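> fold the following and give me the result.
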Amino acid sequence: MKVTADYRERPSGIIDLMIQAGIDVTIDKMTYGDYIVNDRVTIERKTATDFLLSLIDGRLFKQVGRLRNNTSRPLLLIEGNPFRTGLNVSRSAIQGALLNIQTIFYVPIVYARSGGKSVEMMQHMARQIEKNTDVMPLRSGYRPRKLASRQLYILQGLPGIGPLIAKRLLKRFGSVSKALMAPVERLNRVDGIGLVTAKKIREVLDSSWRVP
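Prediction:
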């Protein structure tokens, strides 16, 4: 199991719990989300209180929108019960926000009781990813027909690349083939692609194929 964690998550204690559990953790400054599990799922983690505070001050939907538009498999992890925080937010407002995230933004939501349970959930998630890699289509469902959509679709198969970053790659390099040939230092210059993500992209493109 491999996890990329945002350095701002250190105070939560989750990174330390992961290290104690023997998880391979890379700490980086992440533009979107807080954790990336096995180069597949990008997780935005919020405590129940922070979830409601971000709803109150208007951050929530902006963050979810950026997560949806810039990552291929986004997930919102809420730690704690958002209906039992003591904050003065109506139940209907909370329910509306949760439904909005899942039905309008198409971002799944999962819940954990504590930091330790969050780590256990990510471990379980990693096992499911590894278990199903060779028995499920990696990208089922939507198949674009237009050339521009196909180009974007190809690039969105790379680690950490969502719709917006795929467009930025095409704008910078001019074609899919040129984007796929770009070295780490040039990939890292694209807004939204950090050094860790750039290295992961090159690892996927340059590594020899091994049968799962």
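
> please make it C-alpha for all contacts and neighbour counts, starting now.
OK.

> and the longest helix for the chain?
helix 115-132 (DSSP state H).

> mean confidence for that one?
If you average the pLDDT over helix 115-132, you get 90.

> what comes up buried for that helix?
115, 118-123, 125-126, 129 (16 or more other Cα atoms under 10 Å).

> and if you look at stretch 42-61?
Applying 16+ other Cα under 10 Å to stretch 42-61 flags 42-52, 55, 60 as buried.

> and the longest helix of the chain, what does it pack onto?
Counting contacts by 3 or more Cα pairs under 8 Å, 6 or more residues apart in numbering; DSSP states H and E, helix 115-132 is packed against helix 14-20, strand 35-37, strand 74-79.

> so how far does stretch 100-120 reach from one end to the other?
27 Å (Cα to Cα, to the nearest Å).

> ditto for stretch 83-99
OK, stretch 83-99 end separation, Cα to Cα: 14 Å.

> return the distance of residue 177 relative to residue 170.
10 Å.

> run through this structure and note the low-pLDDT ranges.
132-142, 211-212 (pLDDT under 70).

> skipping adjacent residues, who's closest to the spatially most central residue of it in space?
Taking Cα atoms, centre = their mean as the criterion, residue 42 is the residue nearest the geometric centre of the chain, at 1.5 Å. Distance criterion Cα to Cα, 6 or more residues apart in numbering; nearest residue to residue 42, sequence neighbours excluded, is residue 36 at 4.4 Å.

> first-to-last residue distance for stretch 79-96?
With Cα to Cα, one end of stretch 79-96 sits 18 Å from the other.

> what residues sit buried inside that stretch?
For stretch 79-96, by 16+ other Cα under 10 Å, it's 79-80, 82-83, 89, 94.
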